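Visitor: A structural model of the following input is requested.
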Amino acid sequence: MYPELKRAAGSAHRNACTVFEVDFTDDPFMTMEYLQGGSLLELPRDPRLIAGIEVQVRACMRAAHEKDIVHGALSADDVYVTTEGRAVILGFGTARTRHDAVPTVEHDLAACDRLFGTSSRVEPMPEPAIGEQVAAACAARIQRERALGATGPL
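Guide: Below is the predicted model of the structure:
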């Protein structure tokens with residue numbers, strides 16, 4: 001039913017979310033790796049942090065395109081960053097479920113350019129430092145949520 005998703009599930013890259021099982025028969029489900037961190041949208045807009053994430057995302061997209069796998073709908077919601085500093089792209093193979101258009105490599109390249117610009121002139125932050133930034137951003141988000149929950153209605 002979704003051949004792109006099944007092909008993407010079989011391709012391993014450290015920056016692509018690992019999909020262990022896909023079943024769209026009677027009771028559809030997908031089993032994916034557990035990730036701890038935050039989406040690109042939740043992170044500080046530090047240029048070095050974003051440049052470090054960009055390097056990883058573009059490497060993953062190149063590897064996918066070499067295997068004829070196209071994301072087709074890459075957005076900031078599809079880029080998750082772990083507390084170890086690893087950027088992970090979600091949603092490979094699901095573009096057709098989100099859009100009527102047939103996804104292409106050009107869609108992916110344009111999406112990367114929209115997310116990160118056409119060139120980075122900043123030294124990328126190394127993964128351990130990215131992880132520290134992500135962990136700090138997640139901790140701040142949790143504190144905000146707890147504070148809002150404590151002041152909200154019971």
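Visitor: can you confirm M30 is in a strand?
Guide: Yes: under DSSP: H, G, I helix; E, B strand; the rest coil, M30 falls within a strand.
Visitor: now do the contacts for it.
Guide: 5, 19, 21-23 (Cβ atoms under 8 Å, 6 or more residues apart in numbering). Using the backbone N, CA and C atoms, a C-beta is placed for each residue, glycine as well.
Visitor: could you give the number of residues near R45?
Guide: 6 (other Cβ atoms under 10 Å).
Visitor: do the same with H71
Guide: Using other Cβ under 10 Å, H71 is surrounded by 27 other residues.
Visitor: mind checking how far it is from R86?
Guide: H71 sits at a distance of 17 Å from R86 (criterion: Cβ to Cβ, to the nearest Å).
Visitor: with D23 instead?
Guide: Here the criterion is Cβ to Cβ. By it, D23 lies 27 Å from R86.
Visitor: tell me where the model's unsure across this protein.
Guide: For the chain, applying pLDDT under 70 flags the ranges 1-11, 93-102, 118-120, 150-154.
Visitor: and the contacts of the helix or strand D113 falls within?
Guide: Assessed by DSSP states H and E, D113 sits inside helix 105-116. Contact with helix 105-116 is made by 40, 50-51, 53-54, 57-58, 61, 64-65, 70-76, 79, 95, 101, as judged by Cβ under 8 Å, 6+ apart.
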